[in-house]
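Visitor: mind looking at a prediction? Sequence and model below.
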Amino acid sequence: MDNIKPLVNKPEINLAMVGMVDGNGHPYSWSAIFNGYNPEEMAKCPYPVIPQYLGRQPKETLQIPGAKVTHIWTDDPEDAVKVAKASLIPNVVKKPEDVIGEVDAVIIPTDKGYEHVERCRPFVEAGLPIFVDKPMVDNEEDLKVFTKWVKDGAPIMSSSSMRYTKEFMPYGISTWDIGEIRYASITTPKTWERYGIHAVEGIYPIIGPGFLSARNIGDKERNIVHLKHKTGADVMVIAINDMYGAFGVLQIYGTAGRIGAASSDTFYAFKTQMEAFIQYLQTGIRPYPFSETQELMKIIIAGIRSREEGGREVKLDEILLE
């Protein structure tokens, strides 16, 4: 602990928001959580739920103090202009590397894991701290790259917002009243590749490290994934493309009781997720070990591999870090 020091030692941290992909409005919402927003411009956001949940927040608790998004680049240049107007970002740049030398840290708000090595590479080489959205990767070779970068000292953090689900948090502290956990399930819409991590990282702080294997008996539209844990607990993670009525529905059964909860406060989860990154920048102390991210990525990769191999049980130990 003696060698730990702030990654950014300034009263206000300047951030860059770099990237935007289909189906993901994080540049709008995450930037507004730092900067505030223009209601008239935010009303034009192509994701109507974002102005709805932002509008419900009291102004005095909307923003995270001590950091601002000062620069933005998006894959479609027109998106950057729209996000900048809505979320009060003063600088739109022409290419991602233009933020180097202008900001203290970078946020990659995209959720296609196979793109993240190349999206992060310029900033890793520039020595900038990075937050990369979930999943950090979706294949073994890219996991090896991130593992080497972090081993070499690159300050990279990644998570799903579901790690910070308000309704799940009490069970991350204690589940003593339900006895030993025997079975759990959690659900999500959309694909395993992009949203499976939401479900897995939602339950991970409750069950804890020690997942052993994954068996996916579904297909690309319906991922039915059985995870085994070292405690003997069986966990079913279900990701079905159009199952929008079941985002973050959690059930846990133990030897003495059961738990049921569902995620409903997206703003709380996003704000707490971004606060964790800012605290990492301010202290140099990771909010959770990088080994947890490695294990979570192994689960995602194992789920894909099992599906592609006809439902074979894939041991997480098969997936190498180097």
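Guide: Yep, it's here. Numbers count the residues shown, from 1 in each chain.

Visitor: only C-alpha atoms for contact and neighbour calcs from this point on.
Guide: Fine.

Visitor: ranges for the helices of the stretch 151-300 of the chain?
Guide: With helices called from DSSP state H, counting those that start in this stretch, the stretch 151-300 of the chain shows them at 169-173, 192-207, 266-283, 290-308.

Visitor: ranking those by burial, who's on top?
Guide: helix 192-207 (a mean of 24; mean count of other CA atoms under 10 Å).

Visitor: what's next to that one, contact-wise?
Guide: 111-113, 134-135, 138, 159-165, 168, 171-175, 186-189, 220, 223, 237-239, 248, 250, 296-297, 300, 303-304 (CA atoms under 8 Å, 6 or more residues apart in numbering).

Visitor: now those residues: which count as buried?
Guide: With burial judged by 16 or more other CA atoms under 10 Å, the buried subset of these is 111-113, 134-135, 138, 159-165, 168, 171-172, 175, 186-189, 220, 223, 237-239, 248, 250, 296-297, 300, 303-304.

Visitor: next step: those residues restricted to strands.
Guide: Residues of these located in strands (DSSP state E): Ser159, Ile186, Thr187, Thr188, Pro189, Asn223, Val237, Ile238, Ala239, Leu250.

Visitor: farthest pair in these?
Guide: Farthest-apart pair in those is Ser159 and Asn223; separation 20.9 Å (CA to CA).

Visitor: start and end of stretch 152-163, how far apart?
Guide: Terminal residues of stretch 152-163 are spaced 26 Å apart (CA to CA, to the nearest Å).

Visitor: which outside residues touch that stretch?
Guide: For stretch 152-163, using CA under 8 Å, 6+ apart, the contacting residues are 124, 127-136, 150, 197-199, 201-205, 248, 263, 269-270, 273, 277, 286, 290, 293.

Visitor: any idea how far Asp177 is from the residue sitting furthest away from the middle of the chain?
Guide: Note on the chain: the largest C-alpha distance from the chain mean falls to Ala256, namely 32.1 Å (CA atoms, centre = their mean). Remark: distance between Ala256 and Asp177 (CA to CA) = 7 Å.

Visitor: what's the overlap in contacts for those two?
Guide: In contact with both Ala256 and Asp177: no residue, using CA under 8 Å, 6+ apart.

Visitor: number of nearby residues for Asn3?
Guide: For Asn3, the neighbour count with other CA atoms under 10 Å is 5.

Visitor: sorry, slip of the keys, the one I care about is Glu125.
Guide: Count around Glu125 with other CA under 10 Å applied: 10.

Visitor: and it, its phi and psi?
Guide: phi -70, psi -30 (degrees, to the nearest 10).

Visitor: follow-up on the earlier one: shouldn't the residue farthest from the centre of the chain be in contact with Thr175?
Guide: No - Ala256 is beyond contact range of Thr175, at 10.2 Å (criterion: CA atoms under 8 Å).

Visitor: partner residues bridging Ser159?
Guide: Asp133 (DSSP bridges).

Visitor: mind checking how far it is from Ala32?
Guide: Distance from Ser159 to Ala32, by CA to CA: 19 Å.

Visitor: residues near Thr74, how many?
Guide: 22.

Visitor: now do the contacts for it.
Guide: Counted by CA under 8 Å, 6+ apart, Thr74 has contacts Val18, Gly19, Met20, Ala80.

Visitor: neighbour count and distance to Pro209 added to the residues you listed, as TSV?
Guide: Putting the contacts of Thr74 into TSV (neighbours: other CA atoms under 10 Å; distance: CA to CA, whole Å) gives the following:
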residue	neighbour count	distance to Pro209
Val18	25	31
Gly19	23	31
Met20	23	31
Ala80	26	38
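
Visitor: quick one: those residues as a markdown table, columns for secondary structure and distance to Pro11 too.
Guide: Listed next are these as a markdown table, based on DSSP: H, G, I helix; E, B strand; the rest coil; distance: CA to CA, whole Å:
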| residue | secondary structure | distance to Pro11 |
| --- | --- | --- |
| Val18 | strand | 23 |
| Gly19 | coil | 26 |
| Met20 | coil | 28 |
| Ala80 | helix | 27 |
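
Visitor: out of these, which comes closest to Val69?
Guide: For those, the nearest to Val69 is Val18 (10.4 Å; CA to CA).

Visitor: list the contacts for that closest one?
Guide: Ile72, Trp73, Thr74, Pro96, Val106, Ile107, Ile108, Pro109.

Visitor: count of neighbours near the last one?
Guide: In other words, Pro109. Neighbour number of Pro109 under other CA under 10 Å is 22.
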